[in-house]
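>>> model the structure of this input:
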Amino acid sequence: MTCSPPRAVFIDICNRCGLRCPYCPTGRRERSFPHLVLSVERFTALVERVAPFAESITLHNWGEPFLNPRFLEIAALAAESGRHVHTDSNLNFPPLDRTAAERVVRSGLHTLHASIDGVSQAAYQRYRVGGNLALALHNLRRLAEARDRLGSSFELVWKFVVHRHNEHEMEVAVRLAREIGVAIVFQLLSTDGNPDWLSSLHDRSDRLPLGAPLAVELAGETFHVFWHNHVPVARYLGRRSPDLDPPPPSTRRSFPVEIDALVLDPRLPWCCRQPFEALYVNSDGSVTPCCTAWGAEFSVGNLLEQSFDEVWNGPAMRACRAWLLAPGAGAGRQQGSVCETRPCEFRTMAFGRR
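Numbers count the residues shown, from 1 in each chain. The predicted model follows:
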């Protein structure tokens with residue numbers, strides 16, 4: 001099926017990273033993609049293609065965006081398009097001074113999530129292998145100070161990915177975030193079920209009723225820990241048709257996502273919603289159907305070589321959607337799509353098979 005253009009666009013402006021996070025293909029130094037830094041000229045060409053419909057542009061996917069030496073120029077160009085501009089960073093780059101921090105805040109970025117998973121080097125480096133906690137916290141402080149000096153609306157968020165080896169530091173992290181003056185959010189690490197990494201919060205999340213948030217009390221405040229890709233139940237994707245029953249009321253959220261003639265059920269994992277909702281562009285211009293599809297072999301087109309519609313509504317993307325829409329989560333429907341052929345942890349969670 002064809003879809004209207006996505007509102008969320010992700011452009012990987014650099015697919016290299018200095019860290020070696022064990023659940024990241026970049027961290028594991030897998031080389032399906034050539035190591036590339038997106039040029040300003042190519043980024044401009046991509047923005048011209050997506051600007052008519054995009055509401056947000058995210059400047060990362062598989063790498064550390066600040067390793068692109070023209071990152072600030074790229075952020076400014078994205079902001080000039082009038083779109084919300086976001087990025088994530090591990091902040092493991094040379095220490096920011098006052099001037100450098102102010103340049104980041106003034107660059108045009110609207111939001112930056114700093115991935116810092118711990119308050120001790122020992123806990124932090126269990127996942128962020130090769131990372132320097134003191135350096136990341138230094139840069140976080142400098143950015144917060146620059147934001148305050150400039151009176152900027154720049155949103156700076158500490159993102160703490162929770163696993164077995166750092167969950168004991170969550171409360172201290174909340175107190176430190178308050179001291180620095182930044183918001184903090186918690187996300188459960190997607191581990192493919194590896195017990196060596198599963199925290200007590202992973203277990204609690206699995207025991208909750210479907211759709212219920214995992215509320216955790218930390219330092220006198222309630223936080224909702226999210227696991228944005230984990231859905232340990234059968235999927236449901238219903239067409240908006242009187243011939244089909246809607247999802248049970250107990251499992252529906254207040255605002256189902258409507259796309260043309262479809263309602264994507266809230267239980268469908270975020271990654272499996274992406275062929276309908278989001279566009280993922282790699283550093284070479286190639287496009288994959290979701291954020292988990294790592295590898296050139298999973299490309300569905302190239303936005304630097306083809307028109308937007310040739311990619312977004314081309315045969316490869318239509319095959320992904322057709323498989324996801326098929327009764328029984330695609331059982332018996334061999335589309336040859338990326339969604340059914342690549343090993344996928346989240347497809348297993350949602351559909352019960354690889």
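
>>> could I get the full set of strands for this protein?
8-11, 56-58, 84-89, 111-115, 155-162, 183-188, 214-218, 221-225, 237-239, 257-259, 262-264, 278-281, 286-288, 301-302 (DSSP state E).

>>> ok, which of these comes nearest Leu19?
Nearest of these to Leu19, taken as CB to CB: strand 111-115 at 9.3 Å. Where C-beta positions appear, they are placed from N, C-alpha and C, glycine not excepted.

>>> now render the strands of the chain as CSV, adding distance to Pro315, mean neighbour count and mean pLDDT.
Shown next, in CSV, are the strands of the chain (distance: least, CB to CB, whole Å; neighbours: other CB atoms under 10 Å; pLDDT from 0 to 100):
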stretch, distance to Pro315, mean neighbour count, mean pLDDT
strand 8-11, 21, 23, 95
strand 56-58, 26, 23, 95
strand 84-89, 31, 21, 96
strand 111-115, 35, 21, 97
strand 155-162, 36, 20, 97
strand 183-188, 34, 18, 94
strand 214-218, 40, 14, 94
strand 221-225, 39, 14, 93
strand 237-239, 21, 15, 29
strand 257-259, 20, 13, 38
strand 262-264, 20, 19, 55
strand 278-281, 17, 24, 94
strand 286-288, 13, 25, 94
strand 301-302, 9, 18, 96
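
>>> for Gly18, which of these is the nearest?
strand 84-89 (11.5 Å).

>>> what ranges do the helices span in the stretch 51-200 of the chain?
Here the stretch 51-200 of the chain has its helices, by DSSP state H, counting those that start in this stretch, at 71-80, 98-106, 121-127, 133-150, 170-180, 200-207.

>>> contacting residues for His35?
The neighbourhood of His35, defined by CB atoms under 8 Å, 6 or more residues apart in numbering, consists of 15-16.

>>> pLDDT score for it?
In the prediction, the pLDDT value recorded for His35 is 83.

>>> swap in Val233?
Per-residue pLDDT puts Val233 at 26.

>>> would you turn the strands of the chain into TSV with distance to Cys272?
TSV is the format used below for those (distance: least, CB to CB, whole Å):
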stretch	distance to Cys272
strand 8-11	15
strand 56-58	19
strand 84-89	21
strand 111-115	23
strand 155-162	21
strand 183-188	18
strand 214-218	21
strand 221-225	21
strand 237-239	8
strand 257-259	12
strand 262-264	9
strand 278-281	11
strand 286-288	13
strand 301-302	19
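
>>> out of these, which gets nearest to Glu41?
With CB to CB as the criterion, Glu41 lies closest to strand 8-11 of the strands of the chain, at 13.6 Å.

>>> neighbouring contacts of that closest one?
Residues from elsewhere that reach strand 8-11, judged by CB under 8 Å, 6+ apart: 38, 43, 46, 50, 54-61, 277-281, 291.

>>> what residue ranges in the stretch 151-300 of the chain score low on pLDDT?
209-212, 227-271 (pLDDT under 70).

>>> rerun that using 90 as the cut-off
By pLDDT under 90, the weakly predicted segments of the stretch 151-300 of the chain are 190-194, 202-214, 224-277, 290-298.

>>> can you measure across stretch 202-218, start residue to end residue?
Stretch 202-218 has an end-to-end distance of 17 Å (CA to CA, to the nearest Å).

>>> next, the buried residues of it.
202, 205, 214, 216, 218 (16 or more other CB atoms under 10 Å).

>>> picking up where we left off before, which one of the helices of the stretch 51-200 of the chain lies nearest to Glu30?
helix 121-127 (17.1 Å).

>>> how about the helices of the stretch 51-200 of the chain in a markdown table, adding distance to Leu325?
Shown next, in a markdown table, are the helices of the stretch 51-200 of the chain (distance: least, CB to CB, whole Å):
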| stretch | distance to Leu325 |
| --- | --- |
| helix 71-80 | 32 |
| helix 98-106 | 42 |
| helix 121-127 | 36 |
| helix 133-150 | 42 |
| helix 170-180 | 39 |
| helix 200-207 | 27 |
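
>>> of those, which stretch is the most buried?
helix 71-80 (a mean of 20; mean count of other CB atoms under 10 Å).

>>> which residues does that one contact?
Residues contacting helix 71-80 (CB under 8 Å, 6+ apart): 13-14, 38, 40, 43-44, 47, 57, 59, 65, 68, 85, 87, 103-104, 107-110.

>>> what of stretch 140-150?
Residues outside stretch 140-150 that contact it (CB under 8 Å, 6+ apart) are 91, 95-98, 100-102, 104-106, 112, 114, 116, 152, 154, 156, 158, 180-182.

>>> just stretch 163-183 next, same as before
Under CB under 8 Å, 6+ apart, the answer for stretch 163-183 is 114, 116-120, 123-124, 126-127, 137, 140-141, 144, 148, 155-158, 160, 162, 184, 186, 188-189, 191, 196-201, 216, 218-219, 221, 223.

>>> what's the span of that stretch from first residue to last?
So stretch 163-183: terminal residues 20 Å apart, CA to CA.

>>> and it, how far out from the chain middle?
Offset of stretch 163-183 from its chain centre (CA atoms, centre = their mean, to the nearest Å): 21 Å.

>>> cool, and stretch 281-288?
From the chain centre to the centre of stretch 281-288 is a distance of 15 Å (CA atoms, centre = their mean).
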